[in-house]
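Trainee: Show me how the following folds:
(chains A, B, C and D)
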Protein chains: 4
Amino acid sequence: MRQKVLEDGASELSYEIRDIVKKAEKLQHLGREIYWENIGDPIQKNFKIPTWMKDTISAILQEDNTYGYSHSKGVPGTRDFLAKQTNQLNGVQISKEDILFFNGLGDAISTLYQYIDPTSRVIGPSPSYSTHSSAEAAHARQAPITYKLDPDNNWYPDLDDLYNKVKYNPAIVGILIINPDNPTGMVYPLEILERIVAIAREFDLFLISDEIYAKVTYNGQRAFTLAEYLGDVPGIAMKGISKDFPWPGSRCGWVEFYNRENEPDFDQFCRALENAKMIEVCSTKLPQLAIPKVLSDPRFPVYRQELNERIGKRSKLITEILGTIPQLKFNETKGAFYNAIIFEEGVLKPHQKLQIEEDGVRQLAESWVESKDTSLDKRFVYYLLAAKGICVVPISSFCSELQGFRITLLEENEDLLSHIFTNLKEAILEYLES
Amino acid sequence: MRQKVLEDGASELSYEIRDIVKKAEKLQHLGREIYWENIGDPIQKNFKIPTWMKDTISAILQEDNTYGYSHSKGVPGTRDFLAKQTNQLNGVQISKEDILFFNGLGDAISTLYQYIDPTSRVIGPSPSYSTHSSAEAAHARQAPITYKLDPDNNWYPDLDDLYNKVKYNPAIVGILIINPDNPTGMVYPLEILERIVAIAREFDLFLISDEIYAKVTYNGQRAFTLAEYLGDVPGIAMKGISKDFPWPGSRCGWVEFYNRENEPDFDQFCRALENAKMIEVCSTKLPQLAIPKVLSDPRFPVYRQELNERIGKRSKLITEILGTIPQLKFNETKGAFYNAIIFEEGVLKPHQKLQIEEDGVRQLAESWVESKDTSLDKRFVYYLLAAKGICVVPISSFCSELQGFRITLLEENEDLLSHIFTNLKEAILEYLES
Amino acid sequence: MRQKVLEDGASELSYEIRDIVKKAEKLQHLGREIYWENIGDPIQKNFKIPTWMKDTISAILQEDNTYGYSHSKGVPGTRDFLAKQTNQLNGVQISKEDILFFNGLGDAISTLYQYIDPTSRVIGPSPSYSTHSSAEAAHARQAPITYKLDPDNNWYPDLDDLYNKVKYNPAIVGILIINPDNPTGMVYPLEILERIVAIAREFDLFLISDEIYAKVTYNGQRAFTLAEYLGDVPGIAMKGISKDFPWPGSRCGWVEFYNRENEPDFDQFCRALENAKMIEVCSTKLPQLAIPKVLSDPRFPVYRQELNERIGKRSKLITEILGTIPQLKFNETKGAFYNAIIFEEGVLKPHQKLQIEEDGVRQLAESWVESKDTSLDKRFVYYLLAAKGICVVPISSFCSELQGFRITLLEENEDLLSHIFTNLKEAILEYLES
Amino acid sequence: MRQKVLEDGASELSYEIRDIVKKAEKLQHLGREIYWENIGDPIQKNFKIPTWMKDTISAILQEDNTYGYSHSKGVPGTRDFLAKQTNQLNGVQISKEDILFFNGLGDAISTLYQYIDPTSRVIGPSPSYSTHSSAEAAHARQAPITYKLDPDNNWYPDLDDLYNKVKYNPAIVGILIINPDNPTGMVYPLEILERIVAIAREFDLFLISDEIYAKVTYNGQRAFTLAEYLGDVPGIAMKGISKDFPWPGSRCGWVEFYNRENEPDFDQFCRALENAKMIEVCSTKLPQLAIPKVLSDPRFPVYRQELNERIGKRSKLITEILGTIPQLKFNETKGAFYNAIIFEEGVLKPHQKLQIEEDGVRQLAESWVESKDTSLDKRFVYYLLAAKGICVVPISSFCSELQGFRITLLEENEDLLSHIFTNLKEAILEYLES
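Mentor: Below you'll find the model as predicted:
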């Protein structure tokens, strides 16, 4: 080309959650059956959308209006509905003007970080969901800045680490909270959330709260939302329907701006996001129209309750199988549908392996691990995939120096679930003893 | 906030097509009926989606799989279908791997320019569709760079202007073509398109062709697509279903990468776009699933043909009404559903006005035009809106120094269409003589 | 202009040490005699350059060769001479190729920070010499990043503060040490310097040591230089003749690169500085030619020793006068020829003033302090200037939140010195009690 | 290092004029005598500084004041003197406040471009003096932007090329003129300079005029200065004493700001340059003090006249020797002391060589030219250096696609001059016929 085309920040775009899929597909070609424990898509794990919900959405498609553009910020009636839901929490009060729809939170996330000045940073959790950390890093053309989630303390944020990083790094202008968290499956106590708000208030930061899993909690937990505990600090909540309808293919999410009237710079930033969406005209309309109909259907809470109970049951089951392996740091999950399982320090070694009988499969696995730069958890994950067909994601792919793997809690067939995780347990023990 | 939050380029985000709506809404509150000739949404202009198409799409919603994520680049079968369609043109040949789905072209456009290095520029047409020019300007943190479309020569690109700007500005790495064009409604002859390719080849540029209106041509015209005339030059075609199903609310568009194997830098750029989408997981799935079903339905070409004939008829009708006003540069449209109508130089003056009887409406209109900085075409547009309720967009809002206005050809009710444009003609004459 | 000309970082360029001069000059016009205690130029304070040194330099001017360009890195013989001097310290060993001459350290400083990537930062002391902090801030287009010098602990660096800021801010790639320090007049113990090196080693940073005052120590002190305590960490020492000949008007300084062979990125950076100088051809030659002649003259050490004793005596005298005021944090100086004197917290108040009899002078002073944004130490400094003609620099102008003022130890006339500082003491007491 | 240290623009820093020196030094080690025709340093070519000038400067060194800092913008009396000199031309009128001293024009140039926004460009001549083009390119992190000097038209600027590049590239905010020019030795007619001003006025640009050779003209020529022909357009003249005293080792140059009151953005830029100098405290003082004394000495004009006559005579002599070779584009010089001599297109070929008898020297030369990427003029220059010891600089090193070499007119010994250039002629003929 005539001169350099590609922007420097693009090198920060990586999403290793999808990279493992390519390896699994190669094994499929060799005839290996794969158990997909890598991606948070309930549909792929045999989940059935209820008929009443399908019918509700189909009915909307009969209206001509459904096919047209919506208001650039999103369908006004839906924004009104959502503003009321937030206001009923008796925390921050908003109007429909404080809500902006995106094509899923992926769109919201990449747009939000794109319009933050490259010299300013948002600190997020580690392990970290890659969509946030990659987009934040791309905007700054530098590695992500993270605070530790502590596997030795229920995966709660290490508040000293967060406090020090904020205090001593004046480039930080915002803090990202993911609650319930992906990849740890943890739900944070109110006290911790309030202490994060106190840090934001002390250093004049704004908060971003990714609440895509807010309705996915179980075994007695519930997730506090930003609007409830934020007080007067500027904040952005990110919400969507991917995980609770669940309808990930709809690409429908929205942000709620809190306290923008308190802080002109923050308000100007919110307006820039609105303008960015306006030049794209609007976000996808059908799911927006479905939101009030589905969420106010009396069948929805019953249905969601039942789903959560099923996930909660699986969480217990997995805890029973994996929770007692002494070489693992294992925390029982409270929300979302992932668990991040960490190897105790020192138990992983670069010579460990699993027995693989088929020559072709074994050679493929060996080719994946031959580089010395392969992290120890990737080594385990590749052997697990090749030997047992269980596809999980290494924790080192989540912006973390910890060594472990992320599983999902989505398998609807309980016998199969039990089979997969018992196999996984055996693989761990064989690998560590090899 | 602790330090600067907003990125500098955000100041380039503006979309005046929507700004006029706010003025029109104020008039609605005062009781004035508004004729919305400002936005290219057929649905809003009483267009009816055919029942067979609604049923086709509804049926897809009955499948559970529809609700899940798709492959991050888009549904493989749909990409296969589209690659075959392109390959049948006997131009550039592609596979499904050369297709990447976005949430509408707005998403494609903002992502594409975001990942071009800020020092490199893409030159686009003037008048220009704001979504392109704003996103390109935001990426460079500077005003857009444009080549002239010539209202005195059928709105064809001024190739000398384009050639000189490319030759003498080494920062330009790409050329944007919009064909059929918004806002001019023009369709370009093959010879002109080939000359633009020759410029790109001479200076080692890539081409972007926005083909959202490719299927919307009439009165004997058809639009050549980039794949047909590009040869071996690197290029990106932008396509979608917003305007031809039409389903703008679906936010479903895709790009096709041509000749990426010829140019490593271009290929690297294409991969960055794929990675950017991957970190958002995927684009909206339902419309992707609908594409092969709708486009290969035998009813579709018949239906589209009929729609185009209706638009073509309206184009003729509007030409009859407005085409003979000597103070206008008027070009009959050939595609898309807009027309850009320009006042001859010197006929607009800062004292002109339309008579408005209601006091409140007149005072509002006068407040809009009192600033000396108001461009002369905005002045006309505001008076037209206030006096006649006809909402059009000033051409100076399309990155142009020309003075005029954009209308749409979407009004399905022929009597109403005739009424609106006759009123518009009278308003023009009254205004110019005032 | 056609588009934006000025680079954003330029807004960080400020040098308030010179701003106070403009105020003082206005008072001179009103007839007020000024005592210039604001700038570190011995010549301006009646210092006499010895005849032997003048003659040595004059003799060089008789050679035609003196008038030509030098080697772009500096006169080779001089660089050889200086490399040997460094090597005799038995620390880091260098050759003449590791030395690069600049037009004074101001030139070295602005060039050095200019070629550091804007995303990378060098942390420096606070209070800070403005030339470093402004140039570093301009390169990053953000406020300077600083570690605390502690007036309650001999003005030594607060190592915990430094350690935390480095640890928690990954953008920091280098640490600046000024030793002996301006504005505090402090000389650092070896142990502290070694702990700073340990921090640099732990976090893979380089060190910059500004040693312009290295030969200006007294009362039993000597300053350790970077070459002595650096070990194998990459580092840059900044040296010059402005303060020890003293010949500030020569604009002659140089940098010494240490351990560049250990670290390819650091070596590449050093080469960029060499290239930057090469495109300017070379630095000023006459003072370079003078360096070996003057420094190896047996009269030089005797002369320098005597000067240092005189400064040391003045340091004691000033300590006697000001050291016992309970509202001040006062540290006796050990090197350089400044002292930073801090008011205890809370003793400065926004209503305090000094009595000024002349109406014009008083009105001028009052106009300077009427803004509420005037820092409390500026308020004191302006009153001091107006009431007593003593020109000092507020400490808040040195990148510090402390409130105080910097004096110089340069007045050669001891009676005058005593007069000025006794007056200053009285002014402080009057001001605080007003 | 912890993260990226080096700024991207640093890759644009290159100064091949000095690179050839390294090759020549290698040949010196092999015993080859070198004729240094590569650098514009009269002193190195046996020029003698007159005794009266040496004495004048030495006398200044006897004053203590000489050793101190100067005012940050430069010695006020000298700036007054220079402002009067400019004002006597009856063009733009300035005061001492419009003059800013630097440590030579190299310092002025690198500071000036550093504070231009990276998105804005200054177009300069090609062939181009590397100090300008490298610094401009480094500021923009892109290749330099240049207008053609035409060897087929007296090396005058190609005004059509300049006009088109300015017109069609909105990033250009300034035009650089070097007059008399390095490397072409040309002096521009008033009409051409006025047409460049007209372009700047039409497009709202500022002008930079490098006038370091303004006093070095001969054979009836005189150079017009920016102040004379600029009118009311904003401009910066760059002046110094390197070439007319000549005292290149002094690093003393200054800029004069013209019409800054007409244009707030330009004025703000000038103030930024003043601030940048202020944080370096000041520029070298001794030469500033010498300027009024030397320039107003009645012996100076006589002396300069005589020098110019000698250069003019050498210009004629070189014309006699080289001006008739048909394979060269040769223009007789009018000012400065360089000539850029271009080979007609097609006469240089990649197999040509000069006979070299000594094995070691021949092998060295062959190693320099073995890469296919070696430009054809570098190939000639390296053979010339190895075979004849004549060190010249390839024109392709001056930001040019032309193929040729730059010589100097500085050799004071006329017989030696004749010997060198006759040798050069023979080498050209042998090389082209080989």
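Trainee: Who are the contact partners of the residue nearest to A:Val5 when sequence neighbours are not counted?
Mentor: Sequence neighbours aside, B:Phe269 is the residue nearest to A:Val5 in space, at 4.9 Å (criterion: Cβ to Cβ, 6 or more residues apart in numbering or on different chains). Bear in mind the C-beta positions are built from the backbone N, C-alpha and C, glycine included. The contact partners of B:Phe269, taken as Cβ atoms under 8 Å, 6 or more residues apart in numbering or on different chains, are A:Val5, A:Leu6, B:Tyr115, B:Ile116.
Trainee: likewise A:Gly360?
Mentor: A:Gly360 touches A:Leu30, counting by Cβ under 8 Å, 6+ apart.
Trainee: Helix or strand next in line after the host helix or strand of it, which one?
Mentor: For A:Gly360, the element it lies in under DSSP states H and E is helix A:359-369. Next helix or strand after helix A:359-369 toward the C-terminus (DSSP H and E): helix A:376-388.
Trainee: could I have that next one exported to PDB, CA atoms only?
Mentor: Coordinates of each C-alpha in helix A:376-388 appear next as PDB, following Å, rounded to 0.1, in the frame of the first residue of the first chain:
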ATOM      1  CA  LEU A 376       1.800 -24.400  31.500                       C
ATOM      2  CA  ASP A 377      -1.900 -24.100  31.600                       C
ATOM      3  CA  LYS A 378      -2.200 -24.100  27.900                       C
ATOM      4  CA  ARG A 379      -0.100 -27.200  27.900                       C
ATOM      5  CA  PHE A 380      -2.600 -28.900  30.200                       C
ATOM      6  CA  VAL A 381      -5.600 -27.600  28.200                       C
ATOM      7  CA  TYR A 382      -4.200 -28.900  24.900                       C
ATOM      8  CA  TYR A 383      -3.500 -32.300  26.300                       C
ATOM      9  CA  LEU A 384      -7.000 -32.400  27.900                       C
ATOM     10  CA  LEU A 385      -8.500 -31.500  24.600                       C
ATOM     11  CA  ALA A 386      -6.600 -34.100  22.600                       C
ATOM     12  CA  ALA A 387      -6.800 -36.900  25.200                       C
ATOM     13  CA  LYS A 388     -10.400 -36.500  26.400                       C
END
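Trainee: Measure how that helix sits relative to helix A:359-369, angle-wise.
Mentor: Angle, helix A:376-388 to helix A:359-369, by axes from the mean of the first three to the mean of the last three Cα atoms, to 10 degrees: 170 degrees.
Trainee: Beyond helix A:376-388, next helix or strand please.
Mentor: Using DSSP H and E, the helix or strand that follows helix A:376-388 in sequence is strand A:390-391.
Trainee: Could you identify the helix or strand that succeeds that next one?
Mentor: Following strand A:390-391 toward the C-terminus (DSSP H and E): strand A:393-394.
Trainee: Which pLDDT value does the model give the residue of the stretch 201-350 of chain A found nearest chain C?
Mentor: Across the stretch 201-350 of chain A, the shortest distance to chain C (Cβ to the nearest Cβ) belongs to A:Phe203, at 12.5 Å. A:Phe203 is assigned a pLDDT of 97 by the prediction.
Trainee: Kindly report the same for A:Lys4.
Mentor: At A:Lys4, pLDDT is 87.
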